[in-house]
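> the following comprises the amino acid sequence and a computationally predicted model.
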Amino acid sequence: GAVVSQHPSRVICKSGTSVKIECRSLDFQATTMFWYRQFPKQSLMLMATSNEGSKATYEQGVEKDKFLINHASLTLSTLTVTSAHPEDSSFYICSARDPHTQYFGPGTRLTVL
Amino acid sequence: DAKTTQPPSMDCAEGRAANLPCNHSTISGNEYVYWYRQIHSQGPQYIIHGLKNNETNEMASLIITEDRKSSTLILPHATLRDTAVYYCIVRANNNAGNMLTFGGGTRLMVKP
């Protein structure tokens, strides 16, 4: 199946700093990518839909000024968590679609101290 | 997207078949049934999907009832590495922007 990569796999940062997470579709082009967040013992929750060349669409309750999404090419989307706080500590997972199936990256574990 | 109902947890003996049920009684005619699994601390892994015919691949088989209101994912010979949370999701494929919405899934524990 298609491959989606994420970088970094885990990051620890101080409160107040910004963290950028990259998501790449390695063997297909994705006009749309998705960003999910998963807290311990919970299911994945969609944060936003990232569209190449246009603004992202955010789910209700997700602050667009805090979670900046850039989808500058058909194979790369980035999520920047700005001014991170401990409550932003979570497992962030990106996803990309080919015409038939949605594939997921391995996830990024963010810990904010 | 139609809502799905899955048992929260199941156990299976290693080497035996694992049969994971999913109810999707409000599924629409253009919605597919997708199965993913998530092993601890990893991203979800695609397993299989189907519309109305039964499907089989190297990982699993998907059996969809004739009325399409339920389905069963079958792992024919479960191994310890199949321990994971399995998600059944229904979604139409007619829009590239359609994302997958995850429910609670079934936590499958394969025991030696």
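Structure received.
> how about the strands in chain B?
Secondary structure of chain B by DSSP state E: the strands cover B:9-13, B:18-23, B:31-38, B:45-50, B:55-56, B:61-64, B:70-75, B:84-92, B:106-111.
> how about A:H100, nearest residue that isn't a chain neighbour?
Counting by CB to CB, 6 or more residues apart in numbering or on different chains, B:N93 is the residue found nearest to A:H100 once chain neighbours are left out, at 6.9 Å. In this view, the C-beta of every residue, glycine as well, is placed from N, C-alpha and C.
> the one you found against B:V33, yeah?
No - B:N93 is beyond contact range of B:V33, at 11.2 Å (criterion: CB atoms under 8 Å).
> of those two, which one has the most company?
The neighbour comparison of B:N93 against B:V33 (other CB atoms under 10 Å in any protein chain shown) goes to B:V33, with 25 against 16.
> low-scoring stretches of the chain, by residue?
In the absence of a named chain, this looks at chain A. Scanning chain A for pLDDT under 70 picks out A:1-2.
> try again with chain B
Within chain B, the stretches with pLDDT under 70 are B:1-2, B:94-98.
> which residues of it lie near chain A?
For chain B, the residues in contact with chain A (CB under 8 Å from any CB of the partner chain) are B:34, B:36, B:38, B:41-46, B:49, B:87, B:93, B:96-97, B:99-105.
> list the contacts of the closest residue to chain A within chain B.
Residue nearest to chain A within chain B: B:G43 (3.9 Å; CB to the nearest CB). Shown in contact with B:G43 (CB atoms under 8 Å, 6 or more residues apart in numbering or on different chains): A:V4, A:Q6, A:I93, A:S95, A:F104, A:G105, A:P106, A:G107.
> which residue does chain A have closest to chain B?
Among the residues of chain A, A:F104 lies closest to chain B, at 3.9 Å counting by CB to the nearest CB.
> how near is B:P21 to B:T5?
Using CB to CB, to the nearest Å, B:P21 is found at 9 Å from B:T5.
> find the nearest non-adjacent residue to A:Q38, please.
Once flanking residues are discounted, A:Q38 sits nearest to A:F91: 4.4 Å by CB to CB, 6+ apart.
> host element of that neighbour?
Using DSSP states H and E, A:F91 sits within strand A:90-97.
> so B:L62 makes contact with B:L73?
Yes - if you go by CB under 8 Å, B:L62 and B:L73 touch, sitting 5.9 Å apart.
> out of these two, which sits in the more crowded spot?
Neighbour totals were compared for B:L62 and B:L73, and B:L73 leads with 25 against 22 (other CB under 10 Å).
> any idea how far B:C88 is from the more buried one?
Separation of B:L73 from B:C88 (CB to CB) stands at 7 Å.
> need the residues touching each of those two.
In contact with both B:L73 and B:C88: B:L20, B:C22, B:W35, using CB under 8 Å, 6+ apart.
> which residues sit in contact with the residue lying closest to A:T31 once chain neighbours are set aside?
In space, and not counting its chain neighbours, A:T31 is closest to A:E52: 4.8 Å by CB to CB, 6+ apart. Contacts for A:E52 (CB under 8 Å, 6+ apart) come out as A:A30, A:T31, A:T32, A:H71, A:A72, A:S73, A:L74.
> quickly list what the third one is bridged to.
Translated: A:T32. A:N51 (DSSP bridges).
> still on that earlier bit, most widely separated two among the contacts of A:E52?
Greatest spatial distance in the contacts of A:E52: A:T32 and A:A72, 13.9 Å, computed using CB to CB.
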